[in-house]
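Student: just the structure for this:
(chains A and B)
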2 protein chains.
Amino acid sequence: MSRDPVALAERAREGHTASGARLIRMLEEGDEGAIEGLRALLPHAGRAHVLGITGPPGAGKSTLVDRTVGELRRRDRRVGVIAVDPSSPFSGGAILGDRVRMNTHATDPGVFIRSMATRGQLGGLSKTAFEATTVLDAMGFDVVLIETVGVGQDEVDVVELAHTTAVVSIPGMGDDIQAIKAGILEIGDVFIVNKADLPFADRVAKQLTAMLHLREPAEDGWDPPIVKTEAERAKGIAELVDTIERHRAHLTETGGLARKAIRRSERVFHELLRERAAARVLASQPDGGASVLEALGTGELDPYSAVEALLGG
Amino acid sequence: MSRDPVALAERAREGHTASGARLIRMLEEGDEGAIEGLRALLPHAGRAHVLGITGPPGAGKSTLVDRTVGELRRRDRRVGVIAVDPSSPFSGGAILGDRVRMNTHATDPGVFIRSMATRGQLGGLSKTAFEATTVLDAMGFDVVLIETVGVGQDEVDVVELAHTTAVVSIPGMGDDIQAIKAGILEIGDVFIVNKADLPFADRVAKQLTAMLHLREPAEDGWDPPIVKTEAERAKGIAELVDTIERHRAHLTETGGLARKAIRRSERVFHELLRERAAARVLASQPDGGASVLEALGTGELDPYSAVEALLGG
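Tutor: Here you go, the predicted model:
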């Protein structure tokens, strides 16, 4: 297979999945040339519905995502999935490989699954997720589903790339979970109470309703619905997908799609600028910044003085 | 109270807690002048043992931290606690306020508790956590305990600021948890199986042992121990603190403390450089970058072209 990014982009648009996968990998690895492939795709992106699904560990997200993909397929939507995994700081690799995920859809050409490590992403995770989303979008996937574990800032950032963000919770989790729920309460467009057959599911739904009433009303007038699911038994999934599509329609009517595209673009811009501006400062030093880094290592310079030394007064 | 950062730094070193708290808040808010206060403290820092405690939501970390602080107090250590909370992307505030945390120690002058949002931190969370740690260290706290929810990259980064990282897990959690455990397996110096009275606690401990055997042996020869605790009933806590102190002694013997200090310093340097270099690029534009940002908003420029326009070819 070619490693020319523009050729890969072209082949990807023609429906050659492996070329799209290759281009995404090159972008993840920070391959400078791959940006040209991405640029070739940018004009063809913007049609897909980007759906973020987030929630704490143990909420049954994998099964829920699997069932949601199944329902979208029944509706003849092609689905790209980006699974953001907590990853090893050393290996940089995704812990849950694509292989162990969503076996159900592994042989379905209408489903593309990509795991993404949360580490070692040049320019940040949301930039990489944005790039993968753009490639899948331009490849003609109707829905790009981004699954994250919604705890850290990175994960929340990634979900904010989405047009529709669904936040999953389950009955009977501890205080930490409540805190997280509160933390991501404001980014949810749809709230899912999964494992709704467990005791106290109604109580969780009521708590969510109460908490949502405390939140500022959305500018665009959307009132986030709460959907109860039992992903294991595929219950509530059709209603969930109906709700997500209703949100999509609402965004289209209120100009929200364009607004979200701008926000996404600005976020990627800032990440990219930070990364490249810093690289350029180091490169502009005769020794590539080595002496400052050395002085930092010996403790001769503290980080604040080191940055001042590089940037001048 | 003065808002002069150097005066605040001086008062903080004399034991005036409110001055330290004020300085930390100024640093969090990105107050440029506050850096001078931090600089005044840097030469006095480096004595505290920085202890990171991380683990998934629901692992009982709050109680565990509470008990650990209690045990450290019994050993006459002064303890500063930095609790990193998942936070609202909109309010920027910490969800779990200091008030609701660790009531047990609220009136103990030997304990200082500070909650820190994971959002809106100029220059990144690990820089802010580093700064707060430095202030507490220079104030004479013997132990600075950083508590995070160990899932996202930010949280892992923060814990990597620590001399000793303790990773908490509990029996009977799902696949997600296993993945997270694998993800942070490599950063743990001590592993805690909390809620050890639950069924399968021994199995979790055995699984951890097996997973740790797959990991590369530590360069410094430290073999991470597994400690079983029941934080609710304060069981295993003394053993945990013994283990942590043994790790501290090991680091001192092997030069690990200095090594970790260098790594910490480099990390803060890179975050700071990225932030400031990007700010300078924007400031160097006649219109502060407004026209590029506008073209980004209209979609006339994509993020990649916008950064190139600012940085030149």
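
Student: and the host helix or strand of A:Glu245, what's buried?
Tutor: Using DSSP states H and E, the element containing A:Glu245 is helix A:237-254. For helix A:237-254, a neighbour-count test (16 or more other CB atoms under 10 Å in any protein chain shown) marks A:Ile237, A:Leu240, A:Val241, A:Thr243, A:Ile244, A:Glu245, A:His247, A:Arg248, A:His250, A:Leu251 as buried. For glycine as for every other residue, the C-beta is placed from the backbone atoms N, C-alpha and C.

Student: hmm, which two among those residues are most spread apart?
Tutor: Using CB to CB, the buried residues of helix A:237-254 span at most 21.3 Å, a distance reached by A:Ile237 and A:Leu251.

Student: that older thread, the following helix or strand past the helix holding A:Glu245 to helix B:256-283, inter-axis angle?
Tutor: Going down the chain from helix A:237-254, the next helix or strand is helix A:256-283, by DSSP H and E. Here the directions of helix A:256-283 and helix B:256-283 differ by 120 degrees (axes from the mean of the first three to the mean of the last three CA atoms, to 10 degrees).

Student: check whether the next helix or strand after helix A:256-283 comes near chain B.
Tutor: Counting by DSSP H and E, the next helix or strand C-terminal to helix A:256-283 is helix A:290-298. Yes: using CB under 8 Å from any CB of the partner chain, helix A:290-298 comes into contact with chain B via A:Leu293, A:Leu296, A:Gly297.

Student: mind listing what's buried in helix A:290-298?
Tutor: Buried residues in helix A:290-298, counting neighbours by 16+ other CB under 10 Å, are found at A:Val292, A:Leu293, A:Leu296.

Student: without its sequence neighbours, what residue ends up closest to A:Val84?
Tutor: A:Thr148 (4.3 Å; CB to CB, 6 or more residues apart in numbering or on different chains).

Student: now do the helices in chain A.
Tutor: Here chain A has its helices, by DSSP state H, at A:5-13, A:17-28, A:34-41, A:61-74, A:125-138, A:153-159, A:175-185, A:201-214, A:237-254, A:256-283, A:290-298, A:303-311.

Student: reformat those helices as a markdown table; add mean pLDDT.
Tutor: Shown next, in a markdown table, are the helices of chain A (pLDDT from 0 to 100):
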| stretch | mean pLDDT |
| --- | --- |
| helix A:5-13 | 96 |
| helix A:17-28 | 92 |
| helix A:34-41 | 93 |
| helix A:61-74 | 93 |
| helix A:125-138 | 88 |
| helix A:153-159 | 67 |
| helix A:175-185 | 54 |
| helix A:201-214 | 82 |
| helix A:237-254 | 97 |
| helix A:256-283 | 89 |
| helix A:290-298 | 90 |
| helix A:303-311 | 91 |
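
Student: take the ones you listed and lay them out in a markdown table including distance to A:Val167.
Tutor: Shown next, in a markdown table, are those (distance: least, CB to CB, whole Å):
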| stretch | distance to A:Val167 |
| --- | --- |
| helix A:5-13 | 31 |
| helix A:17-28 | 26 |
| helix A:34-41 | 29 |
| helix A:61-74 | 10 |
| helix A:125-138 | 17 |
| helix A:153-159 | 8 |
| helix A:175-185 | 5 |
| helix A:201-214 | 9 |
| helix A:237-254 | 12 |
| helix A:256-283 | 17 |
| helix A:290-298 | 41 |
| helix A:303-311 | 36 |
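
Student: report pLDDT for A:Cys103.
Tutor: For the record, residue A:103 is Asn, not Cys. For A:Asn103, the model assigns a pLDDT of 59.

Student: relative to chain B, how far out is the residue most central in space within chain A?
Tutor: Nearest to the mean C-alpha position of chain A, counting by CA atoms, centre = their mean, stands A:Val158 at 3.7 Å. A:Val158 sits 10 Å away from chain B, going by CB to the nearest CB, to the nearest Å.

Student: for that residue, what are its contacts?
Tutor: A:Gly52, A:Val84, A:Leu125, A:Ser126, A:Ala129, A:Ile146, A:Thr148 (CB atoms under 8 Å, 6 or more residues apart in numbering or on different chains).

Student: shouldn't A:Pro171 be in contact with A:Lys206?
Tutor: No: in this structure A:Pro171 lies outside contact range of A:Lys206 using CB atoms under 8 Å: 11.1 Å.

Student: so for the two, which residue has more residues nearby?
Tutor: More crowded of A:Pro171 and A:Lys206, by other CB atoms under 10 Å in any protein chain shown: A:Pro171, with 18 against 12.

Student: any idea how far chain B is from that one?
Tutor: From A:Pro171 to chain B the distance is 13 Å (CB to the nearest CB).

Student: how about that residue, what does it touch?
Tutor: So A:Pro171 contacts A:Val193, A:Lys195, A:Ala196, A:Leu198, A:Pro199, A:Phe200, A:Ala201, A:Arg203, A:Val204 (CB under 8 Å, 6+ apart).
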